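>>> Structure for this input, please:
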Amino acid sequence: MLKKCTLAVFTSLMFMGMAQAAPLLGTTASFANSSFCKTYGCTLVARDTLSATLTEYRYALGSTCKCDSTIISVMRSSNTVVSIGFVQGAQDYIFSDDPQDKRTLQAARLVEVASGAKLNNTQLFALDKRCQDQNTIYTKEVRLPLSSIGKRSTLVCNLTFGEYEGAWRFSLRVF
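Now for the predicted structure:
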């Protein structure tokens, strides 16, 4: 569990690390044509209509990253992107503070493409640790406010059990 001082440093670093990118949230832009999908080779694996105006698109990733069980979920309401998520099965921490860790770099890039906010590996690893704190597993999500280019969004992570045999289901979502 992060101490209050560490959390304050983490939060201030998070706001200092913002990038000026064109976010997909709130637009009708194509996720499949995004720089993220061009880098990681997204393949549409499912499209589910959840209501008259809400549709979920799920993408698997290509061979650029050895993150085989990663699924990217894009939620659209009336064709506008309202949420983008990253789902991964895991037995340990998902992210690393190693600046070369491919999965962490991948998640950071997804957050940037979705919201315009740029997070580094240390920030995502700190969020991962908070998410896996024994007080939050199954009971609540960990939220982190983001801000970029005058837009606000929220980054959320949570853990559940049961979808992957012998592993957690780690979910990171920007909305």
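>>> Following the helix or strand hosting residue 157 in sequence, what is the next regular element?
Per DSSP states H and E: residue 157 is located in strand 151-161. The C-terminal neighbour of strand 151-161 among helices and strands, as given by DSSP H and E, is strand 168-174.
>>> what helices or strands is that next one leaning on?
Here strand 168-174 touches strand 80-90, helix 102-115, strand 151-161, going by 3 or more Cβ pairs under 8 Å, 6 or more residues apart in numbering; DSSP states H and E. Backbone N, C-alpha and C define where each C-beta goes, glycine included.
>>> Export the ones you listed as TSV, with columns for mean neighbour count and distance to residue 62.
Shown next, in TSV, are those (neighbours: other Cβ atoms under 10 Å; distance: least, Cβ to Cβ, whole Å):
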stretch	mean neighbour count	distance to residue 62
strand 80-90	19	15
helix 102-115	22	11
strand 151-161	17	24
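>>> ok, then the element right after the helix or strand of the chain with the lowest mean pLDDT?
Using mean pLDDT, DSSP states H and E, the weakest-scoring helix or strand in the chain turns out to be helix 4-16, at a mean of 35. Toward the C-terminus, helix 4-16 is succeeded by helix 35-40 as the next helix or strand (DSSP H and E).
>>> Dump the helices and strands packed on strand 168-174 to a markdown table, plus mean pLDDT and distance to residue 25.
Below are the helices and strands packed on strand 168-174 laid out as a markdown table (pLDDT from 0 to 100; distance: least, Cβ to Cβ, whole Å):
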| stretch | mean pLDDT | distance to residue 25 |
| --- | --- | --- |
| strand 80-90 | 86 | 6 |
| helix 102-115 | 89 | 6 |
| strand 151-161 | 78 | 6 |
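>>> Model confidence at residue 34, what's the number?
pLDDT, residue 34: 94.
>>> Phi first, then psi, for it.
Note on residue 34: its backbone torsions stand at phi -70, psi 160 [degrees, to the nearest 10].
>>> burial measure for it, as a count.
Residue 34: 21 surrounding residues under other Cβ atoms under 10 Å.
>>> show me what contacts it?
By Cβ atoms under 8 Å, 6 or more residues apart in numbering, residue 34 lies in contact with 24, 113.
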